[in-house]
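>>> Below are the sequence and a predicted model; questions follow.
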Amino acid sequence: MDIEILQILKSIQGDVKSMQGDIKTMQGDIRSMQGDINSMQGDIKSMKADITEANHRIGSLEKKTDKNTLLLEDLNKKVQIVGEVQFSLTEQLDRAKDKDGRSLSDRFNVIELAVTDTSPRVKDMQKDLTRVIRATGENWAEIAELKAVK
């Protein structure tokens, strides 16, 4: 029975040594996992800093966007006012009539027709005037010759 106890004790001792080896392996794995966790914590801190900076930039962009939106709304109001004024002025010009009952656009049409009709006449008169000036110059030259002959 002593031999059996000895064998059981040796078997237990072997099991204990095996368990100690497993425990040492597990402790190494735990240390490795702790290193990985520490590295991940550093990465998370870095990510938090990046997110904080991104949030700051987004806030700044939102302020600028709000400011630009206000400027655009103000500009849009001004453009609408200019459009309304221009439309009103156009209506007033169309309604404006002279003593004969003609509107401003009618009067502009008459003026345009008169200018179109008069332009060729003026050009013809300019050509005729050039001829008259040339003939007058020739006549003066001939008068000067005749006076010199006398």
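Okay, I see it.
>>> I'd like the next helix or strand past the helix or strand encompassing residue 74.
Element membership of residue 74, judged by DSSP states H and E, is helix 2-95. On the C-terminal side of helix 2-95, the closest following helix or strand by DSSP H and E is helix 104-149.
>>> counting contacts, what elements does that following helix pack onto?
In terms of contacts (3 or more Cβ pairs under 8 Å, 6 or more residues apart in numbering; DSSP states H and E), helix 104-149 is packed against helix 2-95. In short, each C-beta sits where N, CA and C put it, glycine included.
>>> what's the average pLDDT for the helix it packs on?
Helix 2-95 shows a mean pLDDT of 90.
>>> Report the inter-axis angle for it versus helix 104-149.
When axes from the mean of the first three to the mean of the last three Cα atoms, to 10 degrees is applied, the directions of helix 2-95 and helix 104-149 differ by 60 degrees.
>>> quick one: residue 118 from residue 127, how far?
15 Å (Cβ to Cβ, to the nearest Å).
>>> Then residue 119?
13 Å.
>>> Got the domain ranges for the protein?
The chain is divided into the following domains under automatic domain parsing: 18-95, 100-150.
>>> Nearest to residue 6, out of the ones you listed?
Smallest distance to residue 6 across these (Cβ to Cβ): 18.5 Å, for domain 18-95.
>>> Nearest residue to the middle of the chain?
Nearest to the mean C-alpha position of the chain, by Cα atoms, centre = their mean, lies residue 68 at 11.3 Å.
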